[in-house]
Every structure is written in C-alpha cells, then in structure tokens.
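Peer 1: sequence and predicted structure, then a few things I'm wondering about:
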Amino acid sequence: MLAVNNIEKSFLTRCGNRPFLALHDLSFTVDNGEFTCIIGPSGSGKTTLINLIAGFLRPTRGTISLRGHSIQGPGPDRGVVFQESALFPWFTALQNVTFGLANLGYRGRKGKERALYFLSLVGLEEHTNSYPHQLSGGMKQRVALARVLALTPQILLLDEPFGSLDSQTRQVLQEVILRLCLGQKTVLFITHDVEEAVVLADRILVFGPRPGRIVGDFLIDIPRPRREYPTAVRAWETRLRSYLGFKKLHPIISERGVMP
Ligand SMILES: Nc1ncnc2c1ncn2[C@@H]1O[C@H](COP(=O)(O)OP(=O)(O)OP(=O)(O)O)[C@@H](O)[C@H]1O
Ligand SMILES: [Mg+2]
C-alpha cells in the first residue's frame, strides 16, 4: 500500500552552513488496512515524514509510493489531520466538510447529504450549523476527521490529532477513530502518548532521536477492545518506553521479519 524507500530529508537553515538532517535512510512499508502508530522523541522527524507522504515536502533522497504510484505532490488519495485542525473559521461545520467534495463530483444536495452523513458518523449531527469558534477542541477535531473521511482517501495521515485534547475527550475520539477505521482504512497515526499507541495500533513503529530512523517495529497482539486488558497494555507501554530512550544506531528490532 505505502512504501517509504531510503528517505532522507535535510533542511537548509539560515544560521548553519551544513544542511540540517531530519530523516536519515528511512524505509518501511504499510499494508492495506493496517493501523500503524508512530511514536518517537520530539524532533525525531515524525511530522516531517507526514509532510513528505502528504506531498507537502519533497525528500532530499529516496522515494515514497502509494499503491505503486510515486508521490510527487499533495493529492486527494491522502487525508491529513494535524493536531490543530485547520478549519475555515468563516464556514460552518457542514460547509467545512462540503468544501472539497465538489471536486469529487458531490455537488449541491449530493454534497450536503454526504457531509451530513460523515458528520453524523463522528457524532456531530447536532452541530452541523455551528462555526468553528462555537465548537470545543474535540468537536473541531471531529469535523476535521469527517472532512477527510468524506473524501475517501486511500490512507489517513494523522499527526497527533488528539494531542491538544483532555484525556477523557481523547479516549472518546480514540473510540470514534477505531470504529470508523479499524480493519477498513489504512492509517498512519503519530502520537506522543505511548498508551494511545498501544490502545489503537495493529503495529507500532518507534523512531529514535534525530535524525529520524526506526529503532523498533512491533505488532501489538492484545485483543480488542484493548482497555479491557490493562495489564497487557501496561506491559507494552513499559517495553516501548525502553525503546524511546534508545541512543545507539544498532540494532534495529523487528518483529515483522522485515528489517526496516
Ligand atoms: N521547514 C523546516 N526547516 C528547518 N528545520 C525543520 C523544518 N521542519 C522541521 N525541521 C526540523 O526537523 C526536525 C524534525 O522536526 P519534526 O517536526 O518532523 O519533528 P517531530 O518528530 O514531529 O517532533 P514533535 O514530536 O515535537 O512534533 C526538528 O529538529 C525541526 O526543527
Ligand atoms: Mg510533530
């Protein structure tokens, strides 16, 4: 589905003569329908990776392809949600979701019906005519989710989508995303919250400190719903945290039989 091949990304900075290396020789693949979480220290290049896959940035080296097509720029086959949802403040929730659907052929009533359907999927049927400033942070993220889901992208790229929410709202939205995506959508979900990753993911990739590279690749084998298995969740959290402090370049740990 998604293939990231030997990606390197460096940035030219104003103060340094040398380019700033954010990602170094990064390779991994994501299978169709797989829910993958990425955790890693701040500054390890997670957002840079999302921007590269989204096509907002170009890699310095390497290639990224989706269903065999090389990514050359942004496209509707990838739906992106960031921590702070970029909703249009002058549009209602409904108009925010409808916008963009016209390009896919959903115009007029068809567009409105589709937007209402996706807003109801995220539990916002009562707030379709509210403006972003009238919505809570969690509601805004629901609108952002409805907006990308309505475009039926091939992959969802979520960069700490619940990062600014309180833990209760976060938990509710985790359940929403699992209900809508698990086993149905290919998802790449970045989070700082190790417990969130364990609760959500089929697979977790752990990034080491900058320049970003993969130091762990784990299949999470806890039955779902995961919150019913708190001991197993805690055990995975402890194990993953030990990799987050990883300092050395080697060895790379993989449970998939494929060295990332
Ligand atoms: N446009 C840019 N120009 C220069 N440096 C950049 C640019 N974008 C990112 N960086 C640098 O690349 C590194 C990786 O940044 P990135 O935002 O990808 O990290 P991150 O893993 O998402 O961190 P966080 O967990 O804090 O969100 C950082 O050191 C950052 O300063
Ligand atoms: Mg980031």
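Peer 2: Yep, that arrived. Numbering: from 1, shown residues only. Ligands and ions are numbered 1, 2, ... in the order given.
Peer 1: so how far is residue 173 from residue 166?
Peer 2: 11 Å (CB to CB, to the nearest Å). All C-beta spots, glycine's among them, are computed from the backbone N, C-alpha and C.
Peer 1: quick one: which of those two has more around it?
Peer 2: Each of residue 166 and residue 173 has its neighbours counted (other CB atoms under 10 Å); residue 173 has more, 20 against 11.
Peer 1: output the below-cut-off pLDDT ranges for the stretch 151-260 of the chain.
Peer 2: Applying pLDDT under 70 to the stretch 151-260 of the chain picks out residues 246-260.
Peer 1: residue boundaries of the strands in it?
Peer 2: 155-159, 186-190, 203-207, 214-219, 253-254 (DSSP state E, counting those that start in this stretch).
Peer 1: and the stretch 1-150 of the chain, which residues reach ligand 2?
Peer 2: 46-47 (CB under 5 Å from the ion).
Peer 1: tell me the contacts of the closest residue to ligand 2 within the stretch 1-150 of the chain?
Peer 2: Per CB to the ion, residue 47 is where the stretch 1-150 of the chain lies closest to ligand 2, at 3.2 Å. Going by CB atoms under 8 Å, 6 or more residues apart in numbering, residue 47 touches 159, 190.
Peer 1: quick one, phi/psi of it?
Peer 2: Residue 47 adopts backbone torsions of phi -70, psi -40, taken as degrees, to the nearest 10.
Peer 1: for residue 151, same thing?
Peer 2: phi -90, psi 0.
Peer 1: okay, now it: neighbour count?
Peer 2: Residue 151, neighbours per other CB under 10 Å, totals 18.
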